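using only what follows, build the 3D model:
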Amino acid sequence: MERIERADGVTIINDAYNANPESMREALKTLARLAHPEAGEDRRSVAVLGAMLELGDEHNIAHIRTGETVVRLNIDRTLVVGDDAYPLYRGAVAEGSWDDEVNGCRPPKRRRPGCRRTSAPATSSSSSHRTG
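As a prediction, the model looks like this:
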């Protein structure tokens, strides 16, 4: 996990290289602690998450649990990128994410002309879900 502090006050946590369920969970916990410290001013938290590769039979459940973790940690906004990460999106929605808290998009090469964003990476017919 790499942490980058930009001059404009934005903190970037990069766990893209060889991400796995444990490292992604720790990166999300770090993001939550930075955004909502015990003392000090709250900051907005945004997670941009893609698929964790080479998980074999654990692929779907690991991504669903990561989506649940995003909601439980109260991450303000989550963007799920790519069809392989769709279970992560579904996990967040099932755990109680609503409105624009979680969105999904296909990688640019897979989008239809004129398509900027889809709410669910795996289907174009889904929309944002509100639960609760």
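
give me the below-cutoff pLDDT ranges for this structure.
Along the chain, segments meeting pLDDT under 70 span 107-132.

so residue 71, which of the three states?
helix (DSSP: H, G, I helix; E, B strand; the rest coil).

hmm, it is touching residue 96, no?
Yes. Using CB atoms under 8 Å, residue 71 is in contact with residue 96, at 5.4 Å. (C-beta placed from N, C-alpha, C; glycine too.)

between the two, who's got more neighbours?
More neighbours surround residue 71 than the other of residue 71 and residue 96, with 19 against 14 (other CB atoms under 10 Å).

number of nearby residues for the closest residue to that one other than its chain neighbours?
Once flanking residues are discounted, residue 71 sits nearest to residue 95: 4.0 Å by CB to CB, 6 or more residues apart in numbering. If you count neighbours by other CB under 10 Å, residue 95 ends up with 17.

do you know how far residue 97 is from residue 10?
Using CB to CB, to the nearest Å, one gets 23 Å for the distance from residue 97 to residue 10.

the two: who's more crowded?
More neighbours surround residue 97 than the other of residue 97 and residue 10, with 25 against 11 (other CB under 10 Å).

show me the contacts for the nearest residue to that one once chain neighbours are set aside.
Spatial nearest neighbour of residue 97, chain neighbours left out: residue 71 (5.0 Å); criterion: CB to CB, 6+ apart. Contact analysis of residue 71 by CB atoms under 8 Å, 6 or more residues apart in numbering lists 92, 95, 96, 97, 101, 102.

next one: phi and psi at the fourth one?
According to degrees, to the nearest 10, the main-chain angles of residue 97 amount to phi -70, psi 140.

could you look up the SS state of residue 3?
Classification of residue 3 using three-state DSSP returns strand.

what is it paired to in the beta sheet?
Counting by DSSP bridges, residue 3 forms beta bridges with residue 13.

right, and it touches residue 26 too?
No. Counting by CB under 8 Å, residue 3 sits too far from residue 26 to count as a contact (11.7 Å).

CA atoms only: put stretch 51-69 into CSV for me.
Provided in CSV are the C-alpha atoms of stretch 51-69 (Å, rounded to 0.1, in the frame of the first residue of the first chain):
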residue,chain,number,x,y,z
ALA,A,51,-11.2,-6.4,-9.5
MET,A,52,-8.8,-8.4,-7.4
LEU,A,53,-7.3,-11.0,-9.7
GLU,A,54,-6.2,-14.6,-9.3
LEU,A,55,-8.7,-15.4,-6.5
GLY,A,56,-10.0,-18.5,-8.1
ASP,A,57,-13.2,-19.9,-6.6
GLU,A,58,-13.1,-17.2,-3.9
HIS,A,59,-13.5,-14.4,-6.5
ASN,A,60,-17.2,-13.6,-6.0
ILE,A,61,-17.3,-13.9,-2.2
ALA,A,62,-14.1,-11.9,-1.7
HIS,A,63,-15.5,-9.1,-3.9
ILE,A,64,-18.9,-9.2,-2.2
ARG,A,65,-17.3,-9.0,1.3
THR,A,66,-15.1,-6.0,0.1
GLY,A,67,-18.3,-4.2,-1.0
GLU,A,68,-19.9,-4.9,2.4
THR,A,69,-16.7,-3.5,4.0
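
all good on my end, thank you.
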